[in-house]
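**Q** I'd like to go over a predicted model; first the sequence, then the structure.
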Amino acid sequence: MPTSDNPTRSGGLVWFDEPAAPRATEQLSRKRIVAAAVELADREPTGEITMRALAARLGVRSPMALYRYVGSKDGLADLMADEVYGLIRVERGNGWRAALGELGRTGWEAVRQHPWFARLAFSRPPLGPHALRMYDSALAELEPLDLSAADRMGFVSTVLGHVLGSGLALLEEQAMRARSGMSSDADLEAAVAPYLERVAAEGGHPHFSRWAADPGRHAPAPQSFERILDWLLDGLATQLADRRP
């Protein structure tokens, strides 16, 4: 169902139109629908939901009643994604590194709460009010650096790419654990142990086998989100230093 009289223009984007006014006997609203959709997606290991399941959660007989408020399933995805963009903060007034550092850390908190957000963020354009506020705040902190428009957005995209890429990995791991029934790292290690023992016995990959047999290989975690974020910010700082005379 298009969100406007010209579906080609809107491309399914929910931001072109205001939601329909509720009927006097109706308890639905765009806000209530989005909140229920977020809760439903959080409960699903894959983050996937259907309009039928959402309607049932809201106590609505037909999913078609929801389209009056969100336009289409893509429109619902836009609204859900922007709800999570609202959790991402940008520190203001302390320079570009503090700004992008907070964007990265709060973005990671957001995708850990809502792993499905990473998939939606890659599949829908970030044009909602929360997303635009996040980008505008980040770009404002980069303005004094005298970077080109492409480089300013490149700095933001570098950090967001780390957030969303890490979120996709988290989502896929969550779905894999649900499919396999292996909810803990110990379960996974026990499942692959016989295969790794065979690989070690065959001797074809001695360096990998030596690493796999080392009890300290995961302590401490070699690539935490925060550590990689610091590496990325260090790299961006190096780019700025190289530009100076």
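**A** Structure received.

**Q** any regions of the protein where pLDDT drops low?
**A** 1-12, 19-26, 220-222, 244-245 (pLDDT under 70).

**Q** can you give me the helices in it?
**A** When secondary structure is read from DSSP state H, the chain shows helices at 7-10, 30-43, 51-58, 64-70, 73-85, 96-113, 116-123, 129-142, 149-180, 185-202, 206-213, 225-243.

**Q** can you put the ones you listed in JSON lines and add distance to Glu18 and mean neighbour count?
**A** Where you see a C-beta, it was placed from the backbone N, CA and C, and this is true even at glycine. Converted to JSON lines, these look like this (distance: least, CB to CB, whole Å; neighbours: other CB atoms under 10 Å):
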{"stretch": "helix 7-10", "distance to Glu18": "13", "mean neighbour count": "13"}
{"stretch": "helix 30-43", "distance to Glu18": "9", "mean neighbour count": "17"}
{"stretch": "helix 51-58", "distance to Glu18": "20", "mean neighbour count": "17"}
{"stretch": "helix 64-70", "distance to Glu18": "10", "mean neighbour count": "19"}
{"stretch": "helix 73-85", "distance to Glu18": "12", "mean neighbour count": "23"}
{"stretch": "helix 96-113", "distance to Glu18": "26", "mean neighbour count": "20"}
{"stretch": "helix 116-123", "distance to Glu18": "22", "mean neighbour count": "21"}
{"stretch": "helix 129-142", "distance to Glu18": "13", "mean neighbour count": "18"}
{"stretch": "helix 149-180", "distance to Glu18": "29", "mean neighbour count": "16"}
{"stretch": "helix 185-202", "distance to Glu18": "48", "mean neighbour count": "12"}
{"stretch": "helix 206-213", "distance to Glu18": "57", "mean neighbour count": "12"}
{"stretch": "helix 225-243", "distance to Glu18": "38", "mean neighbour count": "14"}
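
**Q** please parse this protein into its domains.
**A** Domain assignment for the chain by automatic domain parsing gives 7-77, 86-181+223-243.

**Q** can you put those in JSON lines and add distance to Ala191?
**A** Converted to JSON lines, the domains of the chain look like this (distance: least, CB to CB, whole Å):
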{"stretch": "domain 7-77", "distance to Ala191": "18"}
{"stretch": "domain 86-181+223-243", "distance to Ala191": "8"}
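
**Q** for Phe16, find the nearest of the helices of the chain.
**A** Taking CB to CB, helix 7-10 is the member of these nearest to Phe16, at 4.5 Å.

**Q** which residues touch the spatially most central residue of the chain?
**A** The structure's the chain has its C-alpha centroid closest to Ala118; by CA atoms, centre = their mean the separation is 2.4 Å. The neighbours of Ala118, taking CB atoms under 8 Å, 6 or more residues apart in numbering as the test, are 111, 163-168, 170-171.

**Q** among those, which pair sits farthest apart?
**A** That would be Val163 and Leu171, which, of those, are the farthest apart (CB to CB) at 12.6 Å.

**Q** what separation do you get for Glu173 and Ala193?
**A** For Glu173, the distance to Ala193 (CB to CB, to the nearest Å) stands at 19 Å.

**Q** ok, back up a step: which non-adjacent residue is nearest the residue nearest to the centre of the chain?
**A** Once flanking residues are discounted, Ala118 sits nearest to Gly167: 2.9 Å by CB to CB, 6 or more residues apart in numbering.

**Q** measure Val60 to Met51 for me?
**A** According to CB to CB, Val60 and Met51 sit 10 Å apart.

**Q** what sits against Gly86?
**A** Counting by CB under 8 Å, 6+ apart, Gly86 has contacts His130.

**Q** distance check, it against Leu142.
**A** In this structure, Gly86 and Leu142 are 21 Å apart, going by CB to CB.

**Q** distance to Gln239 for the contacts of Ala118 - can I get that in a markdown table?
**A** Output for the contacts of Ala118, formatted as a markdown table (distance: CB to CB, whole Å):
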| residue | distance to Gln239 |
| --- | --- |
| Val111 | 26 |
| Val163 | 19 |
| Leu164 | 21 |
| Gly165 | 20 |
| Ser166 | 22 |
| Gly167 | 25 |
| Leu168 | 26 |
| Leu170 | 28 |
| Leu171 | 30 |
